[in-house]
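> output the structure for:
(one chain, ligands or ions: 1)
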Amino acid sequence: MATPKTKRDFPLDRIRNIGIIAHIDAGKTTTTERILFYTGRTYKIGNIDEGTTTTDWMEQEKERGITIVSAAITTFWTPKGGPMAGQETRINLIDTPGHVDFTAEVERSLRVLDGGVIVLDAGSGVQSQTETVWRQANKYKVPLIAFANKMDVVGADFLGTIQSARDRLGANALPYNLPIGKENDFRGVIDLLTKKAFVWEDPSAGSGQANTGMIFTEIEIPADMVDLVNIHREKLVEEIVGTDDILMDQYLKGEEISVEDLKKTLRKAVIANIIVPVFAGSSLRNKGVQPVLDAVVELLPSPQDIGEIVGINPDTNEEEIRKCVPEAPLSAIAFKIQVDPHVGKLTYIRVYSGTLKSGSYAYNSTKKIKERIGRLVLMHANDREDIDEAYSGEIVAAIGLKDTITGNTICDEDNPLILESINFPEPVISLAIEPKTKSDQEKLGYALSRLSEEDPTFRVRTDQDTGQTIIAGMGELQLEVLVDRMKREFKVEANVGQPQVAYKETIQKEAEGEGKYIRQTGGRGQYGHCLLRIEPLPRGTGREYVSEIVGGTIPREYIPAIEKGIIEKEDTGILAGYPLTDIRVVVFDGSYHDVDSSELAFKIAGSLGLTEAAKKADLVLLEPIMKVEVTTPEEFLGDIIADISSKRAEIQSTEMRGNARVVIALVPLSEMGGYATAIRSMSQGRATYYMEADHYQEVPKSIEAKIIASSGFTGRVEH
Ligand code: GDP
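Numbering: from 1, shown residues only. You can find the predicted model right below:
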């Protein structure tokens, strides 16, 4: 067990909360693994291809080789030279998923990290998924350094990769070091600022033992690289001094600027998102990773650089600021729930201000409940360490929280604050699950509630007509993984349907409806009555409710019941059984009965009122439209375009990327079934594609009729 690390060992400026960001297959898992190895917390270098890596501890992740879960791992690194030489720094590594189906996970982890290392594939340059993760990082203004991995592969091109980052991402990406050799001859890197060259050589060459990359030696800069080093150093220095007036002055006067000053200024430029330094390496070959670790410490921000956080005081609805210091009132955000096989439910928390204590009570201001923090632990790669307190700027896992879910704020009850919550995209695909037995039904309910705690983009509902459980998410892969976990971890036996497109319903004009539920025969009757108006909202707005009831026309306690009835009906759908969206419902009148009125009666009245109004409001179906990007060798371009054009696609552009052609199109999701197989056979397996949800759009009438017919709903004609 490691010696407990207290705050005194780790002043704020020696903490880094960072994420390794990459698209799938760029080498994030391998790089994370190497980092954990060099930082001394794992003892064996795993190989993703053999499924033995440390962060991918969930079974199906191992099988698929995808890092789905953003586990936070705490580790330590002490740079040997440079401005932070000899200073042990705590690195909290927040693993971010690379597959686009898991975008919400990426967003959630980006929200809590202070800096990131973006892994690029030097063999294939910047791809569309790299663009997506890069855009997301920019959205949260996460300072980045880049690691151009796979310098050992055939066709690896360090400067070309940087150029594509500049062209495609508009990033001010610049080499921080240069690779010595490439492909099979890739041996090491030359640091441009210090002009020091290092090579990673097999310490036991000839013995058959692998090079673990622990030993690297300084060499002279190879003679044929001296000019190149000078050219790129000059460029980097110019860019750095360009961000600082005083240095610029010195530079223009021809004075030598110290490496220390250059690094200090570069650090500021990285934190301000002005420069993205790029490092060369090959994780798989154990080369070039340590300079990246030094850079995490030297160039990426500490929580201290973030300074303060803004939230909303729920009592006053005013913005309030909390300084990122341990003495301030507690404010923290829960960013990940995970079920650990050994300790149960872990709630990963980023503390922004104040101190979180184990064995104490904390206030969940989002849910307005008190939660007991049983234990606080730092998760290392292969053990966990109990700590008593977690201070502002730190990331910890808490054990014992019952009702806190992802995105909730934890704070000091006397100083309540709600930190900006995280926005999640709407699911576009769903599938039906039918448990095999009654006991499976119970297990299913439990499994789904646990899984949706972990993943807020995943939704569960019950189909009112068939009684089936419907789960919905952002992509087939996400649902597949969830179903897999449900069966494996929660042992639910169930029949699982084919993934279905998540259509929606909406209205096109204003209409009014009356909901009357009155039963007055014998005994106690029922009396619920409301008048409501519905209005279309702009695409993507969602739903709104307004009550304009005044003067007790309907007693206040029944208003929530009416809203509940409306929401249930909106979830069930009216035209073809799909949820209603982009609609505002205004309840403006009604009546009640002293004795017979009840919540139930008003709930039914709300539902009836909405149904009546919706039928007069030109209901239509909406379908998810995907942004699809196909990368193909030139020779298959014609076939690919012809095929995609037959899918109701709107082709946005075709462009050259390296020697490949890239087609970007907007295509309805319903047309994309089986595309992975189709594209493979069209291109002898050489074209690839990638897609993400773009927006919802009206379904053409002829297709709408078919969907309504197959839904079993009678649609507009029903009365
Ligand atoms: P992730 O999907 O981003 O987590 O990527 P992985 O770490 O799983 O790597 C994807 C594939 O690329 C695996 O087969 C790795 O062995 C391989 N890979 C990772 N880094 C390198 C590298 O530096 N060189 C080479 N040649 N292959 C690599």
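> packing partners for the lengthiest strand in the chain?
Criterion DSSP state E: the longest strand present in the chain is strand 620-633. For strand 620-633, the packing partners by 3 or more Cβ pairs under 8 Å, 6 or more residues apart in numbering; DSSP states H and E come out as strand 504-506, helix 637-645, strand 660-668, strand 688-698, helix 701-711. Placement of C-beta: from N, CA and C, glycine included.
> how big is the angle separating that strand from strand 688-698?
Strand 620-633 and strand 688-698 are oriented at 160 degrees to each other (axes from the mean of the first three to the mean of the last three Cα atoms, to 10 degrees).
> quick one: strand 620-633 to chain centroid distance?
20 Å (Cα atoms, centre = their mean, to the nearest Å).
> which SS state does V339 fall under?
Assigned by DSSP: H, G, I helix; E, B strand; the rest coil, the conformation of V339 is strand.
> excluding its backbone neighbours, what's nearest it?
What sits nearest to V339 in space, not counting adjacent residues and going by Cβ to Cβ, 6 or more residues apart in numbering, is K345, at 5.7 Å.
> so the one you found makes contact with A398?
No. Look at K345 against A398 with Cβ atoms under 8 Å: they stay out of range, at 9.2 Å.
> where's V296 relative to the ligand, distance?
18 Å (Cβ to the nearest ligand atom, to the nearest Å).
> need the pLDDT of that residue.
V296 carries a pLDDT value of 97.
> show me what contacts it?
Contacts of V296 were listed using Cβ atoms under 8 Å, 6 or more residues apart in numbering, and they are 16, 18, 77, 91, 115, 117, 145.
> go again using 6 Å as the cut-off
For V296, the contact set (Cβ atoms under 6 Å, 6 or more residues apart in numbering) comprises 16, 18.
> now do the SS call for it.
Assignment for V296 (three-state DSSP): helix.
> let's number from 29 now, not from 1
With the count now opening at 29, the last piece we talked about shows up as V324.
> give the burial count for the closest residue in space to P444 that isn't next to it in sequence, as a bare number.
Leaving aside its chain neighbours, P444 sits nearest to S393 (4.6 Å; criterion: Cβ to Cβ, 6+ apart). Other residues lying near S393 total 24 when counted by other Cβ atoms under 10 Å.
> show me where the stretch 279-428 of the chain dips below the pLDDT cut-off.
369, 409-410 (pLDDT under 70).
> residues from it in reach of the ligand?
310-313 (Cβ under 6 Å from any ligand atom).
> the strand or helix carrying the residue nearest to V367: how far from the chain's middle?
Using DSSP states H and E, K373 maps to strand 372-381. How far strand 372-381 lies from its chain's middle: 17 Å, per Cα atoms, centre = their mean.
> what comes up buried for the following helix or strand past that strand?
Helices and strands here follow DSSP H and E; after strand 372-381, the next one along the chain is strand 383-385. Neighbour counts over strand 383-385 (16 or more other Cβ atoms under 10 Å) mark 383-384 as buried.
> quick one: strands adjacent to strand 383-385?
strand 417-419 (antiparallel) (DSSP bridges).
> does I602 belong to a helix, a strand or coil?
coil.
> Three-state assignment for the nearest residue to it once chain neighbours are set aside, please.
Distances taken as Cβ to Cβ, 6+ apart place A642 nearest to I602, at 4.8 Å, with adjacent residues excluded. Of the three states, A642 takes helix under three-state DSSP.
> what count of nearby residues applies to A642?
Neighbours of A642 using other Cβ under 10 Å come to 25.
> measure it to the ligand for me?
Distance from A642 to the ligand, counting by Cβ to the nearest ligand atom: 45 Å.
> right, and that residue touches T600 too?
No. Counting by Cβ atoms under 6 Å, A642 stays clear of T600, with 11.3 Å between them.
> out of K373 and A426, which sits in the busier spot?
A426 (25 against 18).
> tell me the strands beside the strand or helix carrying the more buried one, with direction?
For A426, the enclosing helix or strand under DSSP H and E is strand 423-427. Paired strands of strand 423-427, with direction, are strand 372-381 (antiparallel), strand 403-407 (antiparallel) (DSSP bridges).
> and whichever helix or strand comes after that strand, what other elements does it pack with?
Per DSSP H and E, the first helix or strand lying C-terminal to strand 423-427 is strand 437-439. For strand 437-439, the packing partners by 3 or more Cβ pairs under 6 Å, 6 or more residues apart in numbering; DSSP states H and E come out as strand 359-368, strand 388-392.
> pLDDT on the helix or strand just after strand 437-439, on average?
Counting by DSSP H and E, the next helix or strand C-terminal to strand 437-439 is strand 446-447. For strand 446-447, mean pLDDT is 89.
> how far off centre is strand 446-447?
For strand 446-447, the distance to the chain centre is 19 Å (Cα atoms, centre = their mean).
> that strand pairs with which strands, parallel or anti?
Each strand paired with strand 446-447, and its direction, by DSSP bridges: strand 336-340 (antiparallel).
> residues in contact with the helix or strand that the partner strand is followed by?
Following strand 336-340 in sequence order, the next helix or strand is strand 347-351 (DSSP H and E). With contacts defined as Cβ under 6 Å, 6+ apart, strand 347-351 is touched by 336-339, 341, 356, 359, 381, 445.
> how about a cut-off of 8 Å?
335-341, 356-357, 359, 380-382, 445.
> which one among these gets closest to I735?
I340 (41.3 Å; Cβ to Cβ).
> tell me who's in contact with that closest one.
Contact analysis of I340 by Cβ under 8 Å, 6+ apart lists 346-348, 445-446, 448.
> quick one: which of the residues you listed is nearest T465?
For the contacts of I340, the residue nearest T465 by Cβ to Cβ is I446; the value is 42.5 Å.
> could I get the residues of the stretch 279-428 of the chain next to the ligand as JSON lines with neighbour count and secondary structure?
Below are these laid out as JSON lines (neighbours: other Cβ atoms under 10 Å; DSSP: H, G, I helix; E, B strand; the rest coil):
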{"residue": "S310", "neighbour count": "28", "secondary structure": "strand"}
{"residue": "S311", "neighbour count": "27", "secondary structure": "coil"}
{"residue": "L312", "neighbour count": "19", "secondary structure": "coil"}
{"residue": "R313", "neighbour count": "22", "secondary structure": "coil"}
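> which of those sit farthest apart?
For these, the maximum inter-member distance is 7.6 Å, found between S311 and R313 (Cβ to Cβ).
> so S575 versus the ligand, what's the distance?
50 Å.
> I meant L647, not that one.
For L647 relative to the ligand (Cβ to the nearest ligand atom), the value is 43 Å.
> near the closest residue in space to that residue that isn't next to it in sequence, how many other residues are there?
Excluding the flanking residues, the one nearest L647 by Cβ to Cβ, 6+ apart is L603, at 4.4 Å. Residue crowding around L603 was assessed by other Cβ under 10 Å; the count is 25.
> what of E211?
Count around E211 with other Cβ under 10 Å applied: 15.
> didn't it look like it was pressed against D185?
No. E211 is beyond contact range of D185, at 9.9 Å (criterion: Cβ under 8 Å).
> sorry, back to before: from the contacts of I340, which is closest to M112?
Out of the contacts of I340, the member with the shortest distance to M112 (by Cβ to Cβ) is E448, at 31.5 Å.
> looking at the contacts of I340, state which has the most neighbours.
Going by other Cβ under 10 Å, L445 tops those with 27 neighbours.
> would you map the strands across the stretch 179-328 of the chain?
If DSSP state E, counting those that start in this stretch is used as the criterion, the strands of the stretch 179-328 of the chain fall at 201-203, 205-208, 216-219, 224-228, 244-247, 304-308.
> now mean neighbour count too, for those strands, in CSV please.
Formatted as CSV, the strands of the stretch 179-328 of the chain follow (neighbours: other Cβ atoms under 10 Å):
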stretch, mean neighbour count
strand 201-203, 24
strand 205-208, 26
strand 216-219, 25
strand 224-228, 20
strand 244-247, 14
strand 304-308, 25
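> of these, which shows the lowest average pLDDT?
Averaging pLDDT over each of the strands of the stretch 179-328 of the chain puts strand 244-247 lowest, since it has a mean of 90.
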